[in-house]
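[1] pasting the sequence and the predicted model now:
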There are 2 protein chains.
Amino acid sequence: MVTLKQIAEELGISITTVSKALKEYPDVSKKTRKLVRETASLLNYKPNSFAVNLRTKESKTIGLIIPVIVHHFFSSVIKGIISQAEKKGYLVIILQSDESYELEKKQVDLLLSKRVDGILISLANGTGDYKHLTDIIEQETPLVMFDKIAKIVKCSKVIIDDRKAAYNATQHLIDIGCKRIAHFRGALLPQNSIDRFLGYKKALLDNNIKYDPSLVYVNECGDMSFEEGKENARQLLKDHKDVDGIFINTDLVAIGAMTEFVKLGVKVPEEISIVGFSNWFMSSVISPSLTTINQPGYDMGKNAFKLLYKEIKAKKQNKLFAHKDVVLETDLIIRESTKTLN
Amino acid sequence: MVTLKQIAEELGISITTVSKALKEYPDVSKKTRKLVRETASLLNYKPNSFAVNLRTKESKTIGLIIPVIVHHFFSSVIKGIISQAEKKGYLVIILQSDESYELEKKQVDLLLSKRVDGILISLANGTGDYKHLTDIIEQETPLVMFDKIAKIVKCSKVIIDDRKAAYNATQHLIDIGCKRIAHFRGALLPQNSIDRFLGYKKALLDNNIKYDPSLVYVNECGDMSFEEGKENARQLLKDHKDVDGIFINTDLVAIGAMTEFVKLGVKVPEEISIVGFSNWFMSSVISPSLTTINQPGYDMGKNAFKLLYKEIKAKKQNKLFAHKDVVLETDLIIRESTKTLN
């Protein structure tokens, strides 16, 4: 391993100067800094990361806590975060909360104890208490929430306008002539479940359609699975034979529901029109293809990292940082699972 | 106990040079470093454990380099690795090589400079040179390869028996009466592409079916995408109207091909039977559902971490560790995309 001492000897300057030059201290001349940098790179100098941590208190590592990994939307978010982090020289530690509040809490503690430079989080469905998040803020570790956020926590956030997107999805079902529109809302707690539900409800009321709570299917365990869609579909056929449209919280559940309807001989879209949410790429491939809301995962990841990076930089320079809410655009993609009723 | 002095005497060089060589100091020539390393290993030299501890502080962090993240199989592998790492108190830094050799090389350097305790890697399709991997081994950082491996690199590996799996997939097509069987092999380089191709070829020969190279479709850029399947399907219909079965390297490409066949009015399985590879969970949901080889991603991740952990532990205790190859079982899952021909 090449040491600072060796670089110093090579150039005939002091170790302190080498160290300062590598940290780009302005009291070392630009010329010297350049020379030191070049020599370091020539000698293949690799800073000892532990020593670097001690010196600059930076780990150049951030933590990411995500509810699920095997999921098209979330894996797209991860890709967006990693691609952006790499550009700025940051590494990303990824933890999966598995939709568990307890696990999420433990993971936050772990990341804080590892002194990551910042934390990105999308909440577990089970998370209803936010003390672990305010802990992050109190320890002055930059925090950005994305997708599944808690409005009350004071940090930057990257979201889509779930309420508006859900409103548009439901309006589309109304526009094609649906009169009895059900909603599979998934879990109860997450902000985006709440907002999508509210968007659905508002679209009904704005169109003078009576809101019927029995048409809303909640899944307490909230794992948003293919199986959940199948179960809900079966239950719906038992409860409400008159339903002609469903707005479903996520594509995976929607595809589960469609599969079950096909199996039970219910025609989509002739008898029931379905709108999903996320635009999972399989949604364009299945038959009938799924009308859905496009949810920009990769962009969300990119924006979340960018906000975190800005805050990390501001903190390093002892500057104040004003938290930002970034709201990404979504759009309705109309495919075969919805059709104007005769 | 063999000492540095004995190695120095054996080679007729100074103790300092031996010590520097073992620490990979660049002021000792590469040739000398290699000679010292080899002699040390020949004499079964064991470094003083106190010195080792100073050099190799533990970070309780491992690095994972993976070709793609937005991919059912690989995200399942990630989940398997993370779940196991968490149990042992390790954090996982994830990097995506995007199938690029250059990026993969840079990421290996980055992880080594961060002094992670070990590295898990599944190679990019573009990787044909393994110097960056031998660097890991020479720096005494435990390394485990999985799925897309290089046989020549001396480390533990977790794979499936790709050749056998591909043989079984092809044999199934032969058993149902297919006579002209094509193969979409994806990229040229990765070991698993090679093995699957060899399994396909062997099944043909064992059944006295002539191997026709023009029936094998290679994709040089090798991104194994939905689009690749569509393109190959179009090309196949132009080239070989008589093909009645296809064994396709991965489910995603297979689903792309099926979608294109449906669009062009070619009936699956009536006119062409298709077998995929990976058992992506969508494969059971689409219509027709896809016959495929079940590839256990979660288990692969779990096993890869376990092997790495064992090696990290052995290293810490200055014990020798014998590399292991773990071969996971696969099975053929017969669904609607293959059917006995009349």
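    Sure, I can see it.

[2] for the lengthiest helix in chain A, the averaged confidence score.
    For chain A, the longest helix by residue count, based on DSSP state H, is helix A:297-316. Mean pLDDT, computed over helix A:297-316, is 95.

[3] spatially, what comes nearest to the residue of the stretch 151-300 of chain A found nearest chain B if we skip its sequence neighbours?
    For the stretch 151-300 of chain A, the residue positioned closest to chain B under CB to the nearest CB is A:Met282, at a distance of 5.1 Å. Where you see a C-beta, it was placed from the backbone N, CA and C, and this is true even at glycine. Nearest residue to A:Met282 in three dimensions, chain neighbours excluded: B:Met282, at 5.1 Å (CB to CB, 6 or more residues apart in numbering or on different chains).

[4] OK, contacts around the one you found?
    Applying CB atoms under 8 Å, 6 or more residues apart in numbering or on different chains, one finds that B:Met282 lies in contact with A:282, A:286, B:72, B:251, B:255.

[5] determine which two of those are furthest apart.
    Pairwise distances across the contacts of B:Met282 (CB to CB) peak at 14.9 Å, for the pair A:Ile286 and B:His72.

[6] can you name the next helix or strand after the longest helix of chain A?
    Following helix A:297-316 in sequence order, the next helix or strand is strand A:325-328 (DSSP states H and E).

[7] got the buried residues for that next one?
    For strand A:325-328, the neighbour count (16 or more other CB atoms under 10 Å in any protein chain shown) marks A:326, A:328 as buried.

[8] what is that strand packed up against?
    On a contact count with 3 or more CB pairs under 8 Å, 6 or more residues apart in numbering or on different chains; DSSP states H and E, strand A:325-328 meets strand A:156-160, helix A:297-316.

[9] quickly run through the sheet partners of it, with directions.
    Applying DSSP bridges, strand A:325-328 is found paired with strand A:156-160 (parallel).

[10] so for the very next helix or strand once past the partner strand, mean pLDDT?
    Next in sequence after strand A:156-160, counting helices and strands by DSSP H and E, comes helix A:162-175. Throughout helix A:162-175, pLDDT has a mean value of 97.

[11] the following helix or strand past helix A:162-175 - contacts with which helices or strands?
    The helix or strand immediately downstream of helix A:162-175 is strand A:181-186, counting by DSSP H and E. Contacts defined by 3+ CB pairs under 8 Å, 6+ apart place strand A:181-186 against helix A:162-175, helix A:191-206, strand A:216-218, helix A:226-239, strand A:245-248, helix A:251-263.

[12] just the CA atoms of strand A:181-186, as PDB, please.
    The C-alpha coordinates for strand A:181-186 follow below in PDB (Å, rounded to 0.1, in the frame of the first residue of the first chain):
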ATOM      1  CA  ILE A 181     -66.500   1.100  -9.500                       C
ATOM      2  CA  ALA A 182     -64.600  -0.900  -6.900                       C
ATOM      3  CA  HIS A 183     -61.200  -0.100  -5.500                       C
ATOM      4  CA  PHE A 184     -58.500  -2.600  -4.300                       C
ATOM      5  CA  ARG A 185     -56.600  -0.300  -2.100                       C
ATOM      6  CA  GLY A 186     -54.000  -2.700  -0.600                       C
END
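
[13] chain center to it: distance?
    Centre-to-centre, strand A:181-186 and its host chain are 22 Å apart (CA atoms, centre = their mean, to the nearest Å).

[14] and what of stretch A:211-230?
    How far stretch A:211-230 lies from its chain's middle: 21 Å, per CA atoms, centre = their mean.

[15] contacts for it?
    Applying CB under 8 Å, 6+ apart, the contact partners of stretch A:211-230 are A:99, A:125-126, A:180-190, A:193, A:197, A:201, A:204-205, A:232, A:235-236, A:239-240, A:243, A:248-250, A:252-260, B:281, B:285.

[16] quick one: buried ones out of these?
    A:99, A:125-126, A:180-187, A:189-190, A:193, A:197, A:201, A:204, A:232, A:236, A:243, A:248-250, A:252-260, B:285.

[17] quick check: residues of chain A near chain B?
    Chain A has residues A:1-2, A:43-44, A:46-50, A:61, A:69-72, A:75-76, A:78-79, A:82-83, A:86, A:91-96, A:110, A:114, A:226, A:255, A:259, A:262, A:281-282, A:285-287 near chain B, with proximity defined as CB under 8 Å from any CB of the partner chain.

[18] buried subset of these as a PyMOL selection?
    Selection of buried members from the residues of chain A next to chain B for PyMOL, criterion 16+ other CB under 10 Å:
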select buried, chain A and resi 2+47+49+61+69+70+71+72+75+76+78+79+82+83+86+91+92+93+94+95+96+110+226+255+259+282+285+286
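
[19] go through the residues of chain A next to chain B and flag which are in helices.
    A:49-50, A:72, A:75-76, A:78-79, A:82-83, A:86, A:110, A:226, A:255, A:259, A:262.

[20] list the contacts of the closest residue to A:Ala254 other than its chain neighbours.
    Once flanking residues are discounted, A:Ala254 sits nearest to A:Gly276: 3.5 Å by CB to CB, 6+ apart. If a contact means CB under 8 Å, 6+ apart, then A:Gly276 has A:248, A:250-251, A:253-255, A:283, A:290-293, A:337 as its contacts.

[21] I'd say A:Ile246 and A:Ile274 touch.
    Yes: under the criterion of CB atoms under 8 Å, A:Ile246 makes contact with A:Ile274 at 5.2 Å.

[22] many thanks, I have nothing further to ask.
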